Structures are given as C-alpha cells and as structure tokens.
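Novice: what would the 3D arrangement of this be:
(2 chains)
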Amino acid sequence: MSPNRLDGEGAIRRDRTLSFTFDGKRYAGHPGDTLASALLASGVSVVARSFKYHRPRGILTAGSEEPNALVELRSGARREPNTRATVVELFDGLEACSQNRWPSLAFDIGAINSFLSPVLIAGFYYKTFMWPAAFWERLYEPAIRRAAGLGRASLEADPDSYEKAHAFCDLLVVGGGPAGLAAALAAGRAGARVILCDEDSILGGRLNGDRHEIDGIAGAQWARRIADELASLPEVRVMTRTTVFGAYDGNTFGLLERVADHLPVPAAHQPRQRLWKIVARRTVLATGALERPIVFGGNDRPGVMLASAVRTYVNRFRVTPGQRTAVFTTCDDGWKTAFDLIDAHVDVPVLVDTRHEVPAALENRATRHGLRIMLGAQIPDAHGGKRLSGIDVRDERGRVTRIATDALAVAGGWNPNTALSTHLGGRPRWSDAIAAYVPADLPRGMTAVGAAAGDFSLAGALRTGTAAGRQAASAAGFEPTAHSSPRVETEAVGGAPLWFVPGSRGKAFVDPQHDVTANDVAVAAREGFHCAELLKRYTTLGMGTDQGKTSALNGHALVAALTGRTPADLGTITSRPPYTPIAIGALAGMHRGQEFRPCRLTPSHRWAEGLGATFVDLGEWRRAKAFPLAGERDWKRTLVREVRGVRTAVGVCDVSTLGKIDVQGAQAGVFLDRIYANMISSLPVGKTRYGIMLREDGIVFDDGTVARLAPSHFVLSTTSAHATRVLQHLEHARQVLWPELDVQLAPVTEQWAQFAIAGPRSRSLLERLLGGAVDVSNAAFPFLACAEFQLQTRPARLFRISFSGELAYELAVPACRGEATVRAIMAAGEELGVTAYGMEALGTMRIEKGHVAGAELNGTTTAQDLGLGRMMSAQKDYIGRVLAGRPALSAPDRPALIGVKPRAPEARLRAGAHFLQLGARPSLANDQGFVSSATFSPILGHWIGLGFLSGGQTRHGERILAHDPLSGGDIEVEVTNPVFYDPDGQRLKG
Amino acid sequence: MRAEPTGITTSAFEGLPTAVGSGRGVIGREIEGLGIARIAAGRGQAARVSQLVRGQFGLEPPNAPRRASHGDFAIAGVSPCGWLATRDHAGNELAPSLQSLLGGCASVVDQSDAYGILRLTGPKVRETLAKMIPLDIHPRSFQVSAVAQTVCGYVNVMLWRLEDTAQGDPVFETWVGRSLAVSLHQAIAHGATEFGFTRQPAGERADSGGPTA
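Specialist: Coordinates of the predicted model:
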C-alpha cells in the first residue's frame, strides 16, 4: 500500500491511518502527512498535467512554492482548484482530483500539444491568430479561452464562513525556521509583543526537513522546545498555518490564517480562514530561501525533485521519492541529500556535482559510505514517461553514460526568499557570493535574517535571528535578557551556479507551471525581449499561480547568459502581493449576502415590516418603498392608493433619514447666512425657512429647511444623501473659513425619529395625537411654523412644512420612541383614513409638486436652472456667490427645469430620455436636455416628468420629442410648468 | 378616539438574537436610559466650561479622548473643546440640566437617543473586538477610561474602555448610531460566535457586566 514509506521516526503519527482518494482511487496516509507525502508514499508519481503541453508532472517541492502538483481539493460546494498538494495537510476522507487533463490523468488527449511545440513557442499568441481578423471573436478567442485556465471553481455558494482580524505588535517575525524562532525568542523573552507566523503546521522550518543538532539535541526537537517556551510567554502569539502574503504602507502586513483548512469541514462556529491585518513596529524577515531547480532536458519528469524537498520527505515524512535516487548538485547542500538518503537505506546510484572541486570533508564522507561521485559532471537529459527511468550523465571528459534511477534530487543552489522585502518597491541586490538576489532597500523597520538574508548556515540563522530580535525589543523599550547562543556544528554551504546544462536534447523547463522552456527564453532573447519585465510578459515566465518562485532567477540568468551579460546586469523583477493565492472569501470576510455592507434602518423599520412593506436601499438607508395591501399585486395600484390617501385624507411617512444638524452659538445666524444662498438670520424664532446652499463653484449643493428654535439655536435639515457631506462642509466652514465665529455644530440625525404627517386631515390627526400639547390651529401654527414641546414627558418638535404639497407637518420625537409614535399616529388617524406611504408615493407627490430632489440636485445644476434663482440673496455674501455669477452659469440657453407630459395619455415616460426638436436626428449636437424624474401621477391620471430643457423656462407649451433608445421608444411630450399640482400652493396653507 | 401613548421606548437591538454560538466568551448588555449630552464650548469659553463642570460634578473634563467619572456622572473629551457627558438613568433630563449649568458658555445637545450601546465583557471580548476594530486594544495601549472614535465591521462606533470586572475581564462599550445598531450587532455576533455570545437586554442585570451604568 505504501511502497515508498520508510521506517523510523519522523513528524508523522503511524498509530493512526487516514484514508483519502486521489482521482477516485483510495490511498492511506498518516496524521502529519501532506497530500504530497502521502501520494509519494503510495508510489503515485504523476499528480498533474502541465498547462500547455499536458506533460505528466510529479511533485517538485515540499512547500508553498510548488509549481507542478496542483490539484482540485474536496468536492461539491467546497471544491477548490489549484491547491498545492505539498501544503495540503492530510485528513481522513480527503478527496483530491487531478486537473487540466481529459479524459484521465494517465491518458490525456491534450498531450498532443507536445507535438505542436515548434508552434507553441514564446510569443505564440502574438504571432498567430492574426488573420482573418473576423475569426478572432468567433473562433480564436473562444478556443483559447477553453484551453486556458487551470482547474474548475465550484459554482455553488461557499458554505463556510470567513472573518477578518487585526493585531498589533512590537515585532512581527515572518517565518518560524531557526532564524525566526531565535528572533521571536529573543524579543519575547525581553517582554516585547511578538507575533511569529509560519505557513507550515509546525514551527521549525528546515529544522524539520534536515538533520541538525542544536545544543546537543535534534533540530526538530529544539524547535519544539522553543515553540513551547514561546507559547508560555504571555505577549507572544504564535500563528502557524499562517502566510504573511503582503507588506503594505504604515508597517501593515496582510496575513491569511488557514483556521480549518486542515479539517474535513470547519468545526461548529469556526471560520474556514481568517484574514489578518497586522501593524508591526518592527519586522524580521525570516522567510528562508527557496531552492533552485537546474534547467536540463527532461527536468520535469515525475521523479525529478528538489534536493531539499527530498530531504524533507525522507526525514520529516519518512518517504522516499523513489527506490533509487540519484543526486545532481551544484553546491554542498546537495550532498546532504545523498547522505540522508543513504542513512535512510535508500539506494543512491550516483552523485553528480558540476563543480570540479568540493570540500574534502564531503568527499571523505562519501567515500566512507561508498557513494559513487562524479565531479565536474552534468546531467544533460533525464528520460522516462510517467516516471523517471534514467539519466544521462556527461563526465568532465564529455563521455555520456546512461544511469538507471527512478528519482533524481536536484540542488541548484538557494535563492533568499525576498518577496516581502519588495512589496513596497524595494529592489533586491545581486550577491556574487551566493549567486542570488538578497534583500536590499528594505521597508522601514524590516530586518532580513538567516537564509532570507543570504546566510545559509544554521549558525548564521541563529545568530542573526537573535540579534534582530534583541534589537526589536530594545527599540520597543524592553531590556533584552542575557541568554547564551545555541551551539551548532559548522557546515559547508558553498556552491557555484549552473543556469542551464548545455547540450540538452529534451525539453528543458525553466518554468514548469507555465511550460516555459529554455528554448522559449532563447527565442525571447533573440527577438529582443532582453529585460526581466519583458521576458516575463513575452514568455509568461513566472506568471502562474506560483509567481515564478522556483523559476524566475533561472530564466533571468539564462537570458543574461544568452545576451552576454550577468544576472546582476539584467536585474530582476519585484514581486507583489499576495505571496500565495488568497481566496476571495477571505478578503470578503463576513461581508457577503445581506451583510455585504452596513445598512441603516429607520426608527419605524419594524413597524413597516409588520405591515408587509417593501423596502428599497437608498444610499446607506433601507427605507419603506411602499405598503402594499393584501391582494395588491400591481405597484401602480398601491401607488395610486397611497397618493390618493394622502391627497384626500392623511398619510404618514418616516422621514428620519433626512440629515439633521444642530447649529448653536451667538453668531449662528451670521454663519448660516454665509452657508445658504438665501437669508437665514432674518428668520424669526418659531419659524422654518426653505434654504439652498451652493458649492464654492456656484453649483447647487443641497437643499433643506432651517428652523429657528431660539435666537442662537437653529436646526437644519439636509437631503438624506448629503447628510454627512453637508456636515463636513459646515465643519470646514466653521473650523477653517471662519474660525472667528462663535458657532457650534452637532449632528442630530440619529437622535430624532421624524414623521411626515400630510394631507387635508393631518391637523385633525395631530389634534388627536398631541392632545393639546401644541395648538395646531392655522392661526396659532401657520405654514412654516415650528415648536419645541414636551410630549408625554419627553422632548418633541413639530414643523409645519410640506414636501407633498398638502397641509402637512413633521413631528420629531426621540428615536427610541419612533416605533411607538408611528403606531400612535396610525391609531390616532384610524378614523380619519390614515395611509402609510413609502418612497414611491413620496417621490410621486414631489414630482407632482415640481419639488427638486437628488435627480435634479445632480451636481451640474445652478439655482437658476432649478427655477430657484430668486432665492440667491443680493444682500449678503455666501459660499458660491462669486462663481455662480460666471456668464456660462447664467446663460439663457442653459437647460432649465421644466415639466413634461406625454401627448398620448397612455404613453409611459422614462427618466433618462433625451429631448430633441420634433423631426431632429438623434445626435449630440441636437440634444436639448433630458428627463430627470418621471412618475405616473395618480391625481392627473397620466405620466409626468421633470427635466432640463435648453432655454426651458420660455418654452412652456412647446411640443418636443423624448428620445429613449434604451427603453425602446420615442414619445412626443409637451413642455409644461414643473408644478403640476396646486401651482398656487393653496392646499399647504389650508 | 384616544391616541395611543407615544411613550413606549424601543430598544435599538430589539428583536435581535440574544445568544449566538455556545459558551460565554463574550457577554453583552444593552445600556438604556443613559442621559447623553454633547457639550461644545463657545468661542474662548473652554476654561469656563471646565470650571463649571468641576464645581458641579467634582471632576475635570478631560482634554483628550479619555473618560472621567464621578458617581453616576461621566464626561469624555471627544473633540477640541468638545465633550460627551453621560449620567446614568437620566435620559433626556441630562441635557436640560447641563444647559442650565453651561447655557452661557457652551451649547448642549441631547444625544440620549442617538446611540445603541452595548457593554461587552467576558474572557474573549478583546479577541472578538480585534476582529472588527482596527485599533490596538491591548491593555497597555487602550487603557481603562480610553475612548476612541473608530469603526467596527465598517460601522462607525465610539469605543469606551471601562473598569475591568472583578474577575479581571476587560469591559468595553460600543456606541453606534441607532440606525446602524442591527449592522453592528451582526458584526459583533459574527465575530463572537466561535467563543459564544450572550446578550442581556437592558434592565436585566449582567452577572459579570462590570460597573453599573
């Protein structure tokens, strides 16, 4: 069952067996396994097909940099494509499937693409499909789209939940290997707030994959000991299964914690993943290094694996990638793999080192083990189909020998993992010493340590980690404790890079995920794509889900060599977030469905729900749209009933959403005179006035009412949409423009529930409701009166203002009494035929009255355009006065507010229709204006609209066309006065 | 016919679930009836306001985002020369009483009904709030009496830290504009689900709810 499982201790628990399936076939593994280690243990060599050529692919790495082993994990709604088998923790019942193959992984029709490889070279897209041009949309693009992409996302709703979290710390340590552990420990012991993250499920990094000794104990055991101590420190938070995916401004980092990815389904109330935003004073980059593959023919054959990954599978998971495993190395590190394999009793047929000289200690040890070594040799080609069968080794004299092996460990040297150091624009620096890029120009507060900084020795990792941790603690004001440094053995970490094995005959892959070969890179170089950025775009090198973690430098070095330069001359690319793919669900967190964004509810919301109201989201608010009665299926019927109810009896509507601003101070009147275009300071106490305010550029900003409650106390109302912006505008004026004025502002929208009570019987209703608390007779409380009073021991306010055009009042009560008050209004009005009305009826009645609203106050209209020019006071200065006087803003042909009604009574008018002269061709040049608001008027029995028509104020009675190509139809309309109903305003004064 | 009374008050959290998840990691209690008034000193009158408040209530209005309290009265700095004053169970009475005290030198605006207030405590309250609040609420950074204007799950809130409970659990209050109380409650309940969340409606005594309002 597990032919490749080795004996001995590792990090797996053999006492339990886990069952899982891959492509429907059942396998077994153990807790502690990854999907990759369990597949390898089971002898599965092919786990995927490559992107372009559909070549069989195995497992290259043991980490998140894996380019090949991408699988679909789980099924149904939880199906997740492109999951790296190397980081998937095995659980009982796990289901995985290969992807990008048809009909099966073993036999994939797409492999025919390999024969087309002379055509499918770099720049293929740019060179083909050029003609006939008409084929692009109909044939080429659909065909390419079908072939493109990897894996299939589930189309069902994600059943899991996600959340976000914030954290702050003195030190964020990215990476839990030896350097990171040392840094976290040094800072944590000093008392600093430390967060240590690692994407693995256990801490230790390479200590778990390698055989080191620290302070006389095994490295993995030392890591566990340090992890235990860190867990005991109250200010240290250790986050495993957590990837720091991005560095952002302000010392902020994005992290993804895979809370329940290692479980079949999340536990009850447990999120699947958590997105962290962490602000850290200091950061230690202890992200280690990524091993480089070597580019040679057939280097993608299943069985070819990075040498460090082989060690991880052998030492940590007790799995060998093959029965015989050869080693191909350019550095001392590869030798460790050979020794570990031999110690695990795996046959190592040969160790091929491209260097002519290696440290004597390595050679001596190899000799002791009887290991066949070939120095100054290279492997130009690997052979095999779905499994590696042999390698060609070319010795230093050029003789080629075929050696049988079913696995090959490849050690091309190490690249410091610099990704996070470049997210804010920092460019890494080339180091000749290690033939790789090292972090340079780091973000403020970030220090790179250990292998991430190019120091590949364990001693160096511990030393630099400790120093950085101590430094961070000191910077945060903590005294580092005196602890002795851990004792470790010295090790050889030399190497000489080999970017490409010359003389390779087979396809030599630079980027196996995107099937970019050495030949593709050569084509790009020949065609002039010499720089790293152009190479990437032309060949797609490094553009896969792995973002070129194992491939970018090889590609750059190759193109440098082909163009007679060094990698340092060529430069490299910087990476950008995220470091590894992040699910959209994690970015959304809880904000999905109905909770997509916060929603403001009116004080009467529950009452309206109880009446079966329909709702509409308007800006931040959810408001009752209409109150259909049982059996009222047609919106128009409801609208007609609600409007007639108001116009013939009385209606009630929640208008709490209108912005309310309290303005006080000895110079409040002066202040408001400068804010509004019309005069406010002359308003008597106990009166309300309609006001408009302009922007600095002379355009109308907002309208509303101003009530004067006391000589130095006003309450303004704003439109619902502009409530916040008007307050900002006023605060700017108060704090910046006229700080010398004695004025205080307070937003009071949330404090008050406010109801419009409108209709000829509204006074009767109020008399019943208020029980004499206020005299609402016309004489005592005329149009535009306002009063503060006590209603059942609580403050209340009454305003006689009207949006509907009827006799109307607005009653304000403390918000917590809003629901009780609207119920009381309905009860008081029951015998009067009171009607609850919503936004539809409100909108209809304001259009009938020609009142402007959001569609007319649209940021392009002047007071004159709106027919409100006479409100602009000539007696005083105010914001917007000077620029409103610009000639273009008072030109007679500007579109001005008009009413329109269809010539055919049954015709439906729609907002958005454009005005044309009858018979004129629809064109921009002939455009005369547009319909801004339209409604069916229950009172008039036909559709009406408001709009802006060039020179409109002098064109009443004219016939024009409302051209509406979007909704299908042009209708002839008559230009009218915008006030359709009660133009003399008799009803509201009644 | 007789009008129905308009005097019944409705909780900002009316109808929302009182328990989510299992356990008592986070315990919420709604605070109602608190008198809340916004005080803004008139031009050049801040010192006079401080003097009058000190004389009447025996405490100095903080000139920083911090809360000072004495008996049932508390006052916190919320803007330059601006404060929010609270008095337990005073409701709409607080603003007029402060108006008579400070009428000549400050504007006083009643805000007693403008907020939905949740007092939150429990062993997991800090972890829960950290999910939604982008502020450092570590005990050293956000100390007892601290006040902040911030967001909680994209909802604007005022965050208060009160005295810890006798068991040593931190106590926070989130004040949210009443219209957004449901959205805030959804966010808090979502974040607290894994720890277990219970909410006592106003009036019910919390068994570990910190000092009474």
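Novice: local confidence estimate at residue 198?
Specialist: Answering for chain A, as no chain was given. pLDDT recorded at residue A:198 is 98.
Novice: actually it's chain B I care about, not the one you picked
Specialist: Reported pLDDT for residue B:198: 95.
Novice: do residue B:39 as well
Specialist: Residue B:39 is given a pLDDT of 98.
Novice: cool, and residue A:1?
Specialist: 66.
Novice: same check on residue A:841?
Specialist: Looking at residue A:841, the pLDDT reads 98.
Novice: so it is in which element?
Specialist: Per DSSP states H and E, residue A:841 falls inside helix A:839-848.
Novice: any idea how far that helix is from the chain center?
Specialist: Distance, stretch centre to chain centre, for helix A:839-848: 39 Å (Cα atoms, centre = their mean, to the nearest Å).
Novice: ok, now stretch A:957-973?
Specialist: Worked out by Cα atoms, centre = their mean, stretch A:957-973 lies 43 Å from the chain centre.
Novice: end to end, how far does that stretch reach?
Specialist: 10 Å (Cα to Cα, to the nearest Å).
Novice: same question, stretch A:197-207
Specialist: 16 Å.
Novice: in it, what counts as buried?
Specialist: Within stretch A:197-207, the residues that count as buried by 16 or more other Cβ atoms under 10 Å in any protein chain shown are A:197, A:198, A:199, A:200, A:202, A:203, A:204, A:205, A:206, A:207. Using the backbone N, CA and C atoms, a C-beta is placed for each residue, glycine as well.
Novice: now the first one, which residues is it bridged with?
Specialist: Beta bridges link residue A:197 to residue A:174, residue A:239 when assigned by DSSP bridges.
Novice: I figured it hits residue A:172, correct?
Specialist: Yes - with contact defined as Cβ atoms under 8 Å, residue A:197 reaches residue A:172; the gap is 7.3 Å.
Novice: what about the helices in chain B?
Specialist: Shown for chain B, the helices assigned by DSSP state H span residues B:46-57, B:94-102, B:125-132, B:181-192.
Novice: any chance of the ones you listed in JSON lines, with mean neighbour count and distance to residue A:574 too?
Specialist: Output for those, formatted as JSON lines (neighbours: other Cβ atoms under 10 Å in any protein chain shown; distance: least, Cβ to Cβ, whole Å):
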{"stretch": "helix B:46-57", "mean neighbour count": "16", "distance to residue A:574": "51"}
{"stretch": "helix B:94-102", "mean neighbour count": "19", "distance to residue A:574": "57"}
{"stretch": "helix B:125-132", "mean neighbour count": "23", "distance to residue A:574": "31"}
{"stretch": "helix B:181-192", "mean neighbour count": "25", "distance to residue A:574": "35"}
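Novice: reformat those helices as a markdown table; add mean pLDDT and distance to residue A:625.
Specialist: Formatted as a markdown table, those follow (pLDDT from 0 to 100; distance: least, Cβ to Cβ, whole Å):
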| stretch | mean pLDDT | distance to residue A:625 |
| --- | --- | --- |
| helix B:46-57 | 97 | 46 |
| helix B:94-102 | 97 | 35 |
| helix B:125-132 | 97 | 30 |
| helix B:181-192 | 95 | 19 |
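Novice: quick one: the strands in chain B?
Specialist: Counting by DSSP state E, chain B has strands at residues B:19-20, B:26-31, B:35-41, B:67-70, B:73-79, B:82-87, B:106-110, B:115-121, B:147-152, B:155-162, B:171-177, B:197-200.
Novice: strands paired with the first one, and their directions?
Specialist: Sheet neighbours of strand B:19-20, with direction, are listed as strand B:197-200 (antiparallel) (DSSP bridges).
Novice: CA atoms only: put the partner strand into CSV for me.
Specialist: Extracted C-alpha coordinates of strand B:197-200, given in CSV (Å, rounded to 0.1, in the frame of the first residue of the first chain):
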residue,chain,number,x,y,z
PHE,B,197,-22.1,35.3,22.7
THR,B,198,-24.9,36.2,25.0
ARG,B,199,-26.7,39.5,25.3
GLN,B,200,-28.9,40.6,28.1
